[in-house]
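A.B. asks: Next one to model:
(chains A, B, C and D)
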Protein chains: 2
Amino acid sequence: MAPTLPGPDRARLLRIQEVAELCALTARSIRYYEEVGLLKPAGRSEGAYRLYDRDDLERLLFIKAMRDDAGFSLAEIGLLLEDEAARERSRERFMATSDVAERRAILRASAGRLDGQLARLHEKAERLGAMIAGVEERRARVGCRLAELDQ
Amino acid sequence: MAPTLPGPDRARLLRIQEVAELCALTARSIRYYEEVGLLKPAGRSEGAYRLYDRDDLERLLFIKAMRDDAGFSLAEIGLLLEDEAARERSRERFMATSDVAERRAILRASAGRLDGQLARLHEKAERLGAMIAGVEERRARVGCRLAELDQ
DNA sequence: GCTAACCTTTACGTCAACGTGAAGGTGCTG
DNA sequence: CAGCACCTTCACGTTGACGTAAAGGTTAGC
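C.D. replies: Coordinates of the predicted model:
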C-alpha cells in the first residue's frame, strides 16, 4: 500500500460520522438526505463505507442552513440544489463557448434562477421583518411606560 | 336594546368554515389547534357549532404567521401565546395597582418576555439575512459578467 | 490476527401536523 | 317538513423527517 497519508493532507475523505459531527447533523440524517436524493457521497471505500469530500460538506451545510435558518422542506431544498446544479452546468457550457450571444443567454438564465431564489428568500425575510416590527412596537410602548414611571 | 350598534353587525360570530376561509386554513387545522390547546372558540351555538369572534380570528392569523413566516412549531407557538396571555394578565394587574414599584416590576416582566421573543425572531432573521447576502453576492457576480459582455 | 469502534443495509418505530372518511346532528330555505 | 349544506365527534390513515435496533461487514491499533 501507499504510505498512509497522515497529518495535514487537506484533501482527505471523511467518513459519515466525521462529517456528521462537523455539520452538527446525525449520520442517519445524512443517509436520509442521500436516500431522498439530496446528495451522493464523493466515493465509497473498498468496504463500501461512504466517503465525503469538502464539496459534500459544504452541500450538507447548505442543506442544514436552508432547513434550519430558512425553514425550507427537504423537497424545496432539492429544488434549490437542482437550480444550483443547473447553474453549474451553465458555467461549463459558458466556458465551452465563445459565442457572445450564447454566453449572454447562459448568464441571463443563471441570473434568472438566482433572482427566483432571492425572491423566495426576500419574501420570507419581509414577512419575518413585519412580525419583528410588530413585536418591537409593543416592546417600545412598554419601554415608554417604564421611562415615564422612572422620572 | 343594543340600539347603537353601528351599521351591519360587526360582532357577528363566525362558523368554522368561514374563519377557515378568512385565514386560509382548513377547518381541520383549526380543530387541531384547539385540540392541542392553541385556542378555544369564543362560544358554541345551541347545537354545539363552534363560533369564533374577531379575537379568535386574529389569534388564528397570528398562529398562521408564526407557523408559515417564522417557521415555529405549534409547540413553540403555544409558548408564545402563553407569553401573550401572561402579558395580558400583567396588564390587568398593572391597571389594578397604583403602587409604582409594583407597576415597574410588572412592566419589566413584560419587557423581558418581549425581549425574549425578539431575540428569537432576530436570530432567525439574522441567519436568513446572511443566506440572502450570500445569494446576492453570487447574483451580483453574474450581473457583473453580463455587464462586461454588454459593453 | 484480534478486537473495538465504526460502518453497511434492512426494516420497523415515532412524532408532528394534519387528511379523510363514517355516522349522525343542525340550521336555513323553499 | 323536506332537503341540503354545514356542523359534530370519533377514529384511523398519511406524509415528512428522521430514530432505533438487528445482523453482519470493515478498519485501525496493538
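
A.B. asks: so which residue of chain A comes closest to chain B?
C.D. replies: residue A:71 (3.2 Å; Cβ to the nearest Cβ). All C-beta spots, glycine's among them, are computed from the backbone N, C-alpha and C.

A.B. asks: What is the burial count for that residue?
C.D. replies: Residue A:71 has 18 neighbours, counted by other Cβ atoms under 10 Å in any protein chain shown.

A.B. asks: show me what contacts it?
C.D. replies: The contact partners of residue A:71, by Cβ atoms under 8 Å, 6 or more residues apart in numbering or on different chains, come to A:124, B:70-71.

A.B. asks: again with residue A:48
C.D. replies: Residue A:48 touches nothing, counting by Cβ under 8 Å, 6+ apart.

A.B. asks: does the residue of chain A closest to chain B sit in a helix, a strand or a coil?
C.D. replies: coil (DSSP: H, G, I helix; E, B strand; the rest coil).

A.B. asks: rewinding a little: same list (the contacts of residue A:71) but as a markdown table, adding pLDDT and distance to residue B:78.
C.D. replies: Listed next are the contacts of residue A:71 as a markdown table, based on pLDDT from 0 to 100; distance: Cβ to Cβ, whole Å:
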| residue | pLDDT | distance to residue B:78 |
| --- | --- | --- |
| A:124 | 89 | 22 |
| B:70 | 88 | 14 |
| B:71 | 89 | 15 |
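
A.B. asks: which one of the residues you listed sits closest to residue B:96?
C.D. replies: residue B:70 (33.1 Å; Cβ to Cβ).

A.B. asks: so how far is residue A:129 from the closest one?
C.D. replies: Going from residue B:70 to residue A:129 by Cβ to Cβ, to the nearest Å gives 11 Å.

A.B. asks: filter the contacts of residue A:71 down to the ones close to DNA strand C.
C.D. replies: When Cβ under 7 Å from any atom of the strand is applied, no member of the contacts of residue A:71 is adjacent to DNA strand C.

A.B. asks: Stretch A:35-53: how far from the chain's middle?
C.D. replies: 18 Å (Cα atoms, centre = their mean, to the nearest Å).

A.B. asks: Buried residues, that stretch. List them.
C.D. replies: Buried positions in stretch A:35-53, judged by neighbour count with 16 or more other Cβ atoms under 10 Å in any protein chain shown: A:38-39, A:41, A:50-53.

A.B. asks: Report the outermost residue of chain A with respect to its centre.
C.D. replies: The outermost residue of chain A, judged against the average C-alpha position, is residue A:151 (50.4 Å), by Cα atoms, centre = their mean.

A.B. asks: For that residue, list the residues it contacts.
C.D. replies: Residue A:151 neighbours (Cβ under 8 Å, 6+ apart): none.

A.B. asks: next one: residue A:16
C.D. replies: A:27, A:30-31, A:41, A:49-50, A:52.

A.B. asks: nearest to DNA strand D, of the residues you listed?
C.D. replies: Nearest to DNA strand D among those is residue A:49, at 5.6 Å by Cβ to the nearest atom of the strand.

A.B. asks: got the contact list for the closest one?
C.D. replies: A:15-16.

A.B. asks: right, and residue A:65 touches residue B:127 too?
C.D. replies: Yes. Judged on Cβ atoms under 8 Å, residue A:65 makes contact with residue B:127 at a distance of 7.3 Å.

A.B. asks: Give me the contacts around stretch A:84-104.
C.D. replies: A:106-107, A:109-110, A:113-114, B:146, B:149-150.

A.B. asks: An error on my part: the question was meant for stretch A:136-144.
C.D. replies: Here stretch A:136-144 has contacts from B:107, B:110-111, B:114-115, B:118, using Cβ under 8 Å, 6+ apart.

A.B. asks: out of those, which is most surrounded?
C.D. replies: Neighbour-wise, the contacts of stretch A:136-144 (other Cβ under 10 Å) top out at residue B:110, 24 neighbours.

A.B. asks: Tell me the residue of chain A that sits nearest DNA strand D?
C.D. replies: Taking Cβ to the nearest atom of the strand, chain A has residue A:47 as its residue nearest DNA strand D, at 2.2 Å.
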